[in-house]
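[1] pasting the sequence and the predicted coordinates here, then a few questions.
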Amino acid sequence: MLPPVPEPFDVPVIDISPYVTGGSDSERDRVAREIDSACATVGFIQILGHGIPEPVIEGLAGAVDDFFALPLETKKTYRVEGANRGYSPPKSESLSLSLGVESATRMNDFFEAYNVGTEARSFPDLDLSEADYGLNVWPEVPSFTDSVQEYYAHGERVARTLTRIFADALGLDPGFFTALTDHSIDVLRMNNYALPEGSVTLDGELTGMGEHTDFGLVTVLWADRVAGLQVLGRDERWHDVSPAEGALLVNLGDLTARLTNDRWMSTLHRVTPPVVDGTITRRRSAAFFHDGNVDAVIATLPGLCENADDGYAPVTVREHIKAKLAGSRHGKKNTAAGRETERVLAAAERAAAR
Ligand SMILES: O=C(O)CCC(=O)C(=O)O
Ligand SMILES: [Fe+2]
């Protein structure tokens with residue numbers, strides 16, 4: 001039975017500084033317990049004490065502003081075929097297809113994005129392929145490369161700090177995630193939700209970014225404090241989420257749900273920016289996706305399934321990400337996700353029925 005009234009919905013605020021600047025065992029223990037509870041009940045967290053200096057965040061925001069202010073034709077010269085890199089124009093992706101949903105709003109996500117990520121050549125000793133770890137393209141925009149690279153290094157540091165906390169919260173060896181992530185496929189997706197006045201008719205189908213779960217282990221999300229992000233609560237209603245002053249949002253991806261046999265949640269979310277007087281209120285965000293080594297095998301932790309065949313089937317990060325990207329970027333329904341698709345589809349369908 002669905003709850004008759006919406007439940008109060010809060011995205012817990014957690015100060016992770018004991019893991020960033022050093023803290024006592026008991027302080028770290030408190031952080032790990034708070035993270036465990038947030039991951040098991042919401043799947044979204046607001047973190048403070050992350051240690052990213054304000055000028056670094058301002059630098060990222062400035063880079064996002066400068067790039068997306070370019071004419072569309074110029075931005076399109078930075079498209080990269082066949083890799084999750086460079087510019088993605090409005091209406092070229094449909095996140096809901098990454099779930100295996102044949103959406104009525106196919107390719108109607110109006111966000112535009114710029115992606116950069118970890119490159120094969122950063123690991124000269126490993127035999128990594130550029131098909132998995134694509135080369136970045138950098139736009140000719142003053143300070144863009146420096147500002148984005150500086151933020152990227154912090155995004156990676158914060159993601160790794162989080163997985164260190166996850167190991168404690170799940171009672172695992174401190175190095176558990178390091179073994180899965182020492183050459184992690186990471187991507188920073190800078191999103192811009194804006195359409196010039198009059199360029200589009202909002203027919204109720206167009207959306208900022210369709211409902212989806214993130215693909216990897218954990219996402220660190222910087223976002224404007226402007227409405228638009230909505231998260232599906234356990235009451236199966238969509239709730240508006242905007243970060244507290246100075247907070248970054250964090251959410252878990254499908255690979256962590258698989259690892260924990262759904263004890264921790266990969267929560268459905270979407271972006272529906274408000275329309276004021278026929279114009280979309282501009283909103284920016286930057287999602288740092290920490291997805292794990294391409295060849296890491298993600299299998300449910302033994303302590304979290306009663307029988308050996310109880311958990312998710314083991315999957316490599318490569319297989320999983322490939323199926324997801326084929327859905328969102330190439331309009332191909334993700335049929336490989338199995339139990340995961342069932343989980344997210346059931347939640348999406350119940351939310352739609354409300
Ligand atoms: O714009 C946002 O706040 C969310 C972006 C997001 O969910 C994503 O890029 O996966
Ligand atoms: Fe997302």
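    Sure, I can see it. Numbers count the residues shown, from 1 in each chain. Ligands and ions are numbered 1, 2, ... in the order given.
[2] contact residues of the stretch 101-250 of the chain facing ligand 1?
    Residues of the stretch 101-250 of the chain lying close to ligand 1 by CB under 6 Å from any ligand atom are 189, 191, 209, 214, 221, 223, 229. (Glycine included, C-beta is placed from N, CA and C.)
[3] where helices are concerned, which of those count?
    Of these, none are assigned to helices by DSSP state H.
[4] show me which of these are buried.
    Buried by 16 or more other CB atoms under 10 Å: 189, 191, 209, 214, 221, 223, 229, out of those.
[5] OK, contacts around the fifth one?
    When you say that, I think you mean residue 221. 248-251, 285-288 (CB atoms under 8 Å, 6 or more residues apart in numbering).
[6] in CSV, list these along with neighbour count and pLDDT.
    Below are the contacts of residue 221 laid out as CSV (neighbours: other CB atoms under 10 Å; pLDDT from 0 to 100):
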residue, neighbour count, pLDDT
248, 23, 98
249, 23, 98
250, 25, 98
251, 24, 98
285, 24, 97
286, 26, 98
287, 21, 98
288, 24, 98
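[7] quick revisit: just the residues of the stretch 101-250 of the chain next to ligand 1: which are in strands?
    The strands, defined by DSSP state E, take in 189, 191, 209, 221, 223, 229 from those.
[8] minimum pLDDT in these, which residue is that?
    Ranked by pLDDT, these bottom out at residue 209 (90).
[9] and the two most separated of the ones in strands among the residues of the stretch 101-250 of the chain next to ligand 1?
    Of all pairs drawn from those, the widest gap by CB to CB lies between 189 and 229 and measures 14.0 Å.
[10] overlap of the contact sets of those two?
    Contacts common to residue 189 and residue 229, judged by CB under 8 Å, 6+ apart, are absent.
[11] now the helices: where do they sit in this structure?
    So, for the chain - with DSSP H - the helices run 17, 25-41, 54-68, 72-76, 144-169, 176-181, 254-259, 317-330, 339-353.
[12] ok, and the closest non-adjacent residue to the residue of the stretch 151-300 of the chain found nearest ligand 1?
    Proximity of the stretch 151-300 of the chain to ligand 1 (CB to the nearest ligand atom) peaks at residue 285, 3.3 Å away. Leaving aside its sequence neighbours, residue 285 sits nearest to residue 223 (CB to CB, 6 or more residues apart in numbering; 4.0 Å).
[13] coming back round to it: what's the closest of the buried ones among the residues of the stretch 101-250 of the chain next to ligand 1 to residue 124?
    For those, the nearest to residue 124 is residue 189 (26.1 Å; CB to CB).
[14] mind listing what that closest one touches?
    Taking CB under 8 Å, 6+ apart as the test, what residue 189 contacts is 113-115, 286-287, 289.
[15] which residues does it form beta bridges with?
    Residue 189 has these beta-bridge partners by DSSP bridges: residue 115, residue 287.
[16] now do it against residue 162, distance only.
    18 Å (CB to CB, to the nearest Å).
[17] list the buried residues of stretch 173-191.
    176-177, 180-181, 183-191.
[18] so what's residue 135 up against?
    83, 85, 119-121.
[19] of those, select the buried ones using a ChimeraX command.
    Applying 16+ other CB under 10 Å to those, the buried members can be selected in ChimeraX as follows:
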select :83,85,120
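[20] which one of the contacts of residue 135 is nearest ligand 1?
    Using CB to the nearest ligand atom, those come closest to ligand 1 at residue 85, 14.9 Å.
[21] surely the residue of the stretch 151-300 of the chain closest to ligand 1 and residue 225 touch.
    No: here residue 285 does not reach residue 225: they are 10.8 Å apart, not a contact under CB atoms under 8 Å.
[22] what's the neighbour count on residue 50?
    Residues lying near residue 50 (other CB atoms under 10 Å) number 23.
[23] what's the spacing between it and ligand 1?
    When CB to the nearest ligand atom, to the nearest Å is the yardstick, residue 50 and ligand 1 sit 17 Å from each other.
[24] list the contacts of that residue.
    Contacts for residue 50 (CB under 8 Å, 6+ apart) come out as 16, 20, 158, 161, 248.
[25] just the C-alphas of stretch 119-129, formatted as PDB.
    Coordinates of each C-alpha in stretch 119-129 appear next as PDB, following Å, rounded to 0.1, in the frame of the first residue of the first chain:
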ATOM      1  CA  GLU A 119      42.100   9.200 -20.200                       C
ATOM      2  CA  ALA A 120      43.900   5.900 -21.000                       C
ATOM      3  CA  ARG A 121      47.200   7.800 -21.400                       C
ATOM      4  CA  SER A 122      47.200   8.700 -17.700                       C
ATOM      5  CA  PHE A 123      48.000   5.000 -17.000                       C
ATOM      6  CA  PRO A 124      51.000   4.300 -19.200                       C
ATOM      7  CA  ASP A 125      51.700   1.000 -17.400                       C
ATOM      8  CA  LEU A 126      48.200  -0.400 -18.000                       C
ATOM      9  CA  ASP A 127      46.900  -1.600 -21.300                       C
ATOM     10  CA  LEU A 128      43.800   0.600 -21.300                       C
ATOM     11  CA  SER A 129      41.800   1.300 -24.400                       C
END
